[in-house]
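Student: Sequence and predicted structure below; questions after.
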Amino acid sequence: MAKIRTPRFKLSRRLGVNIYGHPKAMNRATKESSRGGKQLSNYGIQLIEKQKLKSYYGVLEKQFSRYINRAMKSKEITGDALVKYLECRLDNIVYRIGFASSIRQARQMVNHGHITVNGKKVNIPSFEVKISDNIVLKEKYRKNEIFTESFLELKTFTLPYIEKDYENFAGKLIRMPEKNEIPIDVNEVLVIEFYSR
């Protein structure tokens, strides 16, 4: 499976935002280490926004281009559609529910078959979660402290489009997310402009 191999903290510092949500990611960040701290052309600004969005969801260029093409054919505003498609990836929903502390960990959980969707094992991280799909951590993995502690400790972190069932180690997408509800710091309009040149 292809994956981003760039050091996480270094990438966060370069893009000027904490992509992975780790408390130490921006410790050594300076204006000089960030591309955002330099004078950039319109192309450079668009490129940074594209790299930020790809990094948030851990998607490589070829797959990201497919999401762009699909969003451009959507009847919705292109930028909104793009972010919604990325947000509804299974690995991301597993992360948002709280089974994993990062997208990378969530992807690994899906790849290793720890997650079921509507009672069936799904090991494809890019699987598109639909409204009311029931995402469950398999029973035999509920004894794993890493997974259970992450899930139970994140009770205070809630999103209006995600419903959690702490008793059954489950969660579901109850509706499509609105762009302003998604916890990412990116200008998706600039991303679309980058691909529309």
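Tutor: Done, it's in.
Student: show me where this structure has helices.
Tutor: Counting by DSSP state H, the chain has these helices, from start to end: 8-15, 42-57, 61-73, 78-87, 90-97, 103-111, 145-153, 188-195.
Student: The ones you listed: which one's closest to Lys120?
Tutor: Taking C-beta to C-beta, helix 90-97 is the member of those nearest to Lys120, at 11.9 Å. (Each C-beta comes from the backbone N, C-alpha and C, glycine too.)
Student: Using PDB, write out every CA atom in that closest one.
Tutor: The C-alpha coordinates for helix 90-97 follow below in PDB (Å, rounded to 0.1, in the frame of the first residue of the first chain):
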ATOM      1  CA  LEU A  90     -13.500   4.900   6.200                       C
ATOM      2  CA  ASP A  91     -10.000   5.500   7.700                       C
ATOM      3  CA  ASN A  92     -11.000   9.100   8.400                       C
ATOM      4  CA  ILE A  93     -14.400   8.200  10.000                       C
ATOM      5  CA  VAL A  94     -12.600   5.600  12.200                       C
ATOM      6  CA  TYR A  95     -10.300   8.500  13.300                       C
ATOM      7  CA  ARG A  96     -13.200  10.900  13.800                       C
ATOM      8  CA  ILE A  97     -15.100   8.300  15.900                       C
END
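Student: Check which helices and strands it is in contact with.
Tutor: Counting contacts by 3 or more C-beta pairs under 8 Å, 6 or more residues apart in numbering; DSSP states H and E, helix 90-97 is packed against helix 78-87, helix 103-111, strand 115-117, strand 134-137, strand 162-165, strand 170-173.
Student: got the domain boundaries for this protein?
Tutor: 8-86+184-195, 89-173 (automatic domain parsing).
Student: Tell me the buried residues in stretch 44-54?
Tutor: Neighbour-count burial for stretch 44-54 flags 45-54 (criterion: 16 or more other C-beta atoms under 10 Å).
Student: lowest-confidence helix or strand of the chain?
Tutor: helix 8-15 (a mean of 57; mean pLDDT, DSSP states H and E).
Student: The residue nearest to the spatial centre of the chain: what's its closest spatial neighbour, skipping adjacent residues?
Tutor: Closest to where the C-alpha atoms of the chain average out (C-alpha atoms, centre = their mean) is Tyr57, at 3.5 Å. Nearest residue to Tyr57 in three dimensions, chain neighbours excluded: Leu86, at 4.6 Å (C-beta to C-beta, 6 or more residues apart in numbering).
Student: who's in contact with the one you found?
Tutor: Taking C-beta atoms under 8 Å, 6 or more residues apart in numbering, we find Leu86 in contact with 53, 56-57, 59, 67, 92.
Student: Leu47 contacts Val191, doesn't it?
Tutor: No: if you go by C-beta atoms under 8 Å, Leu47 and Val191 don't touch, sitting 9.4 Å apart.
Student: joint contacts of those two?
Tutor: Counting by C-beta under 8 Å, 6+ apart, Leu47 and Val191 have no common neighbour.
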